[in-house]
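Visitor: 3D, please:
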Amino acid sequence: MSTIITKFAVASDKMIDELLYLTRTWLAEHPEIKMEGQYTKKILVNSMNSFSSQWFIVYAGDEPAGFAFLTDGGVRPSFLEGKRIVHLSAFAVLQAHAGGTAAASLLEKCLAVYKGRDAMWAELSVAPDYLEANGFVKTAGYLVKEMQ
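Guide: Below you'll find the predicted structure:
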C-alpha cells in the first residue's frame, strides 16, 4: 500500500508537468467533460501564481494521483453573498486511485486550509457523489459545505 500525501502545488517545472499530466489523464478518462483549453501550461502557471487561487496535488507514493483547484475569484452564487467562501473549482482523482484514500486526503487538505471560511462551494459537475457523501449539500444548483 502506498503512502498517500497531499501537497500544495507551486509553480515549479516538476509540479506544472504533474498537473498537466493529471489534468490531461483525467480529461481522457472522462471524455464527456468538455474542458478543452482550460488546462494549458500558461493557465496553470497563471493560476498557481495568483494570490486568490490554490492548487493541491495528492500523491500515492511518488505518483501523482489527483488534484484540486480552489479560488476566491469568479462569480459566486448569489445566496452566498456576504459570506466568506471559497470555490472548489476542480476536484479529481485518477481512476487508478479512485478506490483508495487519495480523494479523502485531497478533500481533507482542502477543508483544512480553508477552515476559516463560512462555506466551500462547487458546481454540480465537480465530483458530486463523492462531495455529497462527504458533507456537501445540493443548494440552488450547487454543492455547498458549511464550514463553521
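Visitor: center of the protein - which residue?
Guide: With distances taken as Cα atoms, centre = their mean, the residue of the chain nearest its centroid is residue 68 (2.0 Å).
Visitor: list the buried residues in stretch 20-36.
Guide: Of all the residues in stretch 20-36, those buried under the rule 16 or more other Cβ atoms under 10 Å are 22-23, 25-27. C-beta: built from backbone N, CA, C; applies to glycine.
Visitor: show me which helix runs longest in this protein.
Guide: The single longest helix within the chain, with elements called by DSSP state H, is helix 13-29.
Visitor: sorry, back to before: any idea of the pLDDT on the residue nearest to the centre of the chain?
Guide: Residue 68 carries a pLDDT value of 95.
Visitor: OK, contacts around it?
Guide: Residue 68 is in contact with 55-56, 58, 88, 90-92, 106-107, 109-110, counting by Cβ atoms under 8 Å, 6 or more residues apart in numbering.
Visitor: what about those, which are in helices?
Guide: Under the assignment DSSP H, these contribute 106-107, 109-110 to helices.
Visitor: can you list contacts of the helix or strand of the chain with the lowest mean pLDDT?
Guide: Taking mean pLDDT, DSSP states H and E as the measure, the chain has helix 41-48 as its least confident helix or strand, at a mean of 77. Residues outside helix 41-48 that contact it (Cβ under 8 Å, 6+ apart) are 9-11, 15-16, 19-20, 23, 53, 55, 69, 71.
Visitor: next, the angle from it to helix 13-29.
Guide: In terms of direction (axes from the mean of the first three to the mean of the last three Cα atoms, to 10 degrees), helix 41-48 departs from helix 13-29 by 110 degrees.
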